[in-house]
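Q: Structure, please.
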Amino acid sequence: MFRFAPMDCLFTSAGLPLFLLDIVLDVWAAVDLYQEGAYLCLGVLLVLLIGSSVLAQLYSWLWYKYDKFEVHTKVEDKAKTWLGTLHLFQLGIYIRHAAVLESSPSLCRCCRGTCGYSEDGEDPGVYLNHDLSMLRLFETFSESAPQIVLMLSIIMRTGKPDPITVLKMLGSLSAVAFCVTTHHRCLRSFLPEKKNQKPVSSIVYFLWNLLLLSSRIVALALFASVEPCFIFTHFFCSWLVFFFFAWRSNTDFMETPAGEWLYRATLGLIWYFNWFNAVDGKTRNQSVAYHACMLLDVSVLCGVWYWRMSSDPPHHELSCLQAAIIASAVVAVYVLGLVCRIIYYLFFHPKLYKQDLTGNEPHADQVDFGPGAPVQNGGVTFRSLQSGPSQPAPCNKRMEKLAENFYSRSSDDVVV
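A: The predicted structure follows:
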C-alpha cells in the first residue's frame, strides 16, 4: 500500500514553501543583476527562469491531457475548467501542489501534530506526488542547476562573493538536493514491502548525487568564468550528443510522438548535468560510457581553467599551485561520487533482475479492485495505488516505468 512516511510528509509539505522561496530569490537575483548593470547575465537568468517554467507547465498540461483530465481532489475539480488558462499563465504547478496537500490524510494528521498513516492505510496524495516529483526534477535541471553555474561564474569573475549571489546559489543547491532525494523516495514507493529500502539508502543516494552534481557544476562554472562565450557552444554540442543518444535509446515515457520528442530533449538537458536512468533494460555499458565521458569532460574543463588562470589571470590573482589544487579537487570529488555510487548499488540497491519483471503475467497497466491488491509483473510484485476497498486509485504508469528502469537490471549487469 502507498503511504506517506513521516519523512515524506516533511518533504512534501515543505515543497510548496521552498518553491515560493525559490521564486522570491529568483526575483531578488534578477533585480540585483539589473542594478549592477550585468545585462547579459540578467538576460541568461531570465531565459532560464521563463524557459524552465514553460517546460514544467507544458509537461503538467500534457499529463492532465493524457489522463483525460481525470481529477482526484476538490481543488483540481474546481479548477478543471480553467486548467488550460492556469497553465498558460504558469500557475498549473500550484494546483498540483495544493492537490497533494489536500488529498493526503497523513499530511493532514502531520499538520495537526500527529504524524502517521491514514486509517485505511492509503494515501492518494502519494499518487499525485509522483507527477509532482518529476516536474520538480525537470525544473531543477532546467533552472536551478544552470543558475548555480551562472552564479558561481559571476563570483569567480568578480573575485568577491556577493551576498545576494551566494544566497541564490545556496538556495539552488538546496533545491537540487531536495529534488534528487524526493524523486528517489517516490521511486521507492513502487517496491514490494520485502524489498523496501531503509532511510540510509536515501542518504547514500543523496550523497553520491550531490558529489557528482557538485563536481560537474563547479567544473562548468570554472570554465564559464574564463570562457563565457564557449560555455554556450559546449552546452549545445553536448546537448546534441545526449539528445541523439536519447533518440537512439527508443525511450517510451510519454503517450504521444510530440511528447516523446520533448521528453528526449529534456533528457539531453538532464544528462548534461547528471545521469538519469530512463531507458528500459540493460544499462551497464551506457552508464559506464556516460561516466567515463563526464569524467573526461570535467577533467578537460578544469584543465582549460587551470591553463587560463596560470597564463592569463582574470580580475583576481591565484597562484599556479592554488589553481592546480582547485582543479584537482573538482576531479577528485567526481571520482569520490562514483565510489559512493558503487557503494549504493552494492549494499543498498534492491537486487531485482529483468527476467523477474517479464513473465507471463500482464504488465502493470491495470489496478486490481481488492484492497491492497498487488499488480503482478513476473516474479516481482510492483505495488499499485489503492484509495479504498471500493474505489481504487489508478497507478501512475509514468513513474512505474521509471521505477522499473531504476530498480530492474539484467542478470549479467554489473552494478554501476
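
Q: Now do whatever helix or strand Trp247 lives in: everything it contacts.
A: Here Trp247, judged by DSSP states H and E, is contained in helix 230-248. Residues from elsewhere that reach helix 230-248 (CB atoms under 8 Å, 6 or more residues apart in numbering): 149, 153, 220, 223-224, 263-265, 267-269, 271-272, 278, 297, 301. All C-beta spots, glycine's among them, are computed from the backbone N, C-alpha and C.

Q: again, 10 Å this time
A: Here helix 230-248 makes contact (CB atoms under 10 Å, 6 or more residues apart in numbering) with 44, 146, 149-150, 153, 220-221, 223-225, 227, 260-261, 263-272, 276, 278-279, 286, 289-290, 293-294, 297, 300-301, 304.

Q: Next, the buried residues of it.
A: Ile231, His234, Phe235, Ser238, Trp239, Phe242, Phe243, Phe245, Ala246 (16 or more other CB atoms under 10 Å).

Q: and if you look at stretch 198-213?
A: For stretch 198-213, burial by neighbour count (16+ other CB under 10 Å) applies to Ser201, Ser202, Val204, Tyr205, Phe206, Leu207, Trp208, Asn209, Leu210, Leu211, Leu212, Leu213.

Q: One more: stretch 263-283?
A: Using 16+ other CB under 10 Å as the burial criterion, the residues of stretch 263-283 that qualify are 263-264, 266-276, 278-280, 283.

Q: what's the first-to-last distance across it?
A: Taking CA to CA, to the nearest Å as the measure, stretch 263-283 stretches 19 Å from start to finish.

Q: average pLDDT for it?
A: In this model, stretch 263-283 has a mean pLDDT of 86.

Q: repeat for stretch 235-244
A: The average pLDDT within stretch 235-244 is 96.

Q: quick one: pLDDT of the nearest residue to Arg157 once chain neighbours are set aside?
A: Nearest non-adjacent residue to Arg157, counting by CB to CB, 6 or more residues apart in numbering: Ser225, 5.2 Å away. pLDDT for Ser225: 90.

Q: contacting residues around Ser225?
A: By CB under 10 Å, 6+ apart, the residues touching Ser225 are 149, 152-159, 231, 305, 308-309, 314-315.

Q: Could you tell me how far it is located from Ser311?
A: Separation of Ser225 from Ser311 (CB to CB, to the nearest Å) stands at 15 Å.

Q: start to end distance for stretch 265-285?
A: Terminal residues of stretch 265-285 are spaced 22 Å apart (CA to CA).

Q: Arg136 - how many residues pack around it?
A: Arg136: 24 surrounding residues under other CB atoms under 10 Å.

Q: do the same with the one 3 residues further on
A: Residues within reach of Glu139, counting by other CB under 10 Å, total 21.

Q: cool, the one 3 residues further on as well?
A: The tally of other residues near Ser142 (other CB under 10 Å) stands at 22.

Q: Now do the same for the closest residue to it other than its chain neighbours: helix, strand or coil?
A: Of all residues not flanking Ser142 in the chain, Ser52 sits nearest, at 4.1 Å (CB to CB, 6+ apart). Secondary structure, DSSP: H, G, I helix; E, B strand; the rest coil: Ser52 is helix.

Q: can you pull the contacts of Ser52?
A: Ser52 sits next to Asp26, Phe138, Glu139, Thr140, Phe141, Ser142, Glu143, Ser144, Pro146, Gln147, Leu269 when contact means CB under 10 Å, 6+ apart.

Q: Restricted to helices, list the residues you listed.
A: Of the positions in the contacts of Ser52, Asp26, Phe138, Glu139, Pro146, Gln147, Leu269 sit in helices, assigned by DSSP state H.

Q: of those, closest to Leu20?
A: Closest approach to Leu20 among the ones in helices among the contacts of Ser52 (CB to CB): Asp26, at 10.6 Å.

Q: what separates the closest one from Leu150, distance-wise?
A: For Asp26, the distance to Leu150 - CB to CB - is 12 Å.

Q: and stretch 96-103, which residues are buried?
A: Along stretch 96-103, these residues count as buried under the neighbour rule (16+ other CB under 10 Å): Arg96, His97, Ala98, Ala99, Val100, Leu101, Glu102, Ser103.

Q: Confirm the first one sits in a strand?
A: Spelled out, that is Arg96. No. Arg96 is assigned helix when assessed by three-state DSSP, not a strand.

Q: Looks like it contacts Glu139 (just checking).
A: No. Between Arg96 and Glu139 there is no contact under CB atoms under 10 Å: 11.9 Å.

Q: Mutual contacts of those two, please.
A: Common neighbours of Arg96 and Glu139, using CB under 10 Å, 6+ apart, are Ala56.

Q: can I get the ones in helices among the contacts of Ser52 in JSON lines with distance to Lys397?
A: Shown next, in JSON lines, are those (distance: CB to CB, whole Å):
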{"residue": "Asp26", "distance to Lys397": "33"}
{"residue": "Phe138", "distance to Lys397": "18"}
{"residue": "Glu139", "distance to Lys397": "22"}
{"residue": "Pro146", "distance to Lys397": "30"}
{"residue": "Gln147", "distance to Lys397": "32"}
{"residue": "Leu269", "distance to Lys397": "23"}
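
Q: Out of those, flag the one nearest to Gln90.
A: For those, the minimum distance to Gln90 (CB to CB) is 11.5 Å, reached by Glu139.

Q: With adjacent residues omitted, what lies nearest to that closest one?
A: Computed as CB to CB, 6+ apart, the closest residue to Glu139 that is not its neighbour in sequence is Ala56, at 4.8 Å.

Q: ok, how many other residues are close to the one you found?
A: Ala56: 24 surrounding residues under other CB under 10 Å.

Q: what's near enough to touch it?
A: Listed by CB under 10 Å, 6+ apart, the contact partners of Ala56 are 87, 90, 92-93, 96, 134-140, 142-143.
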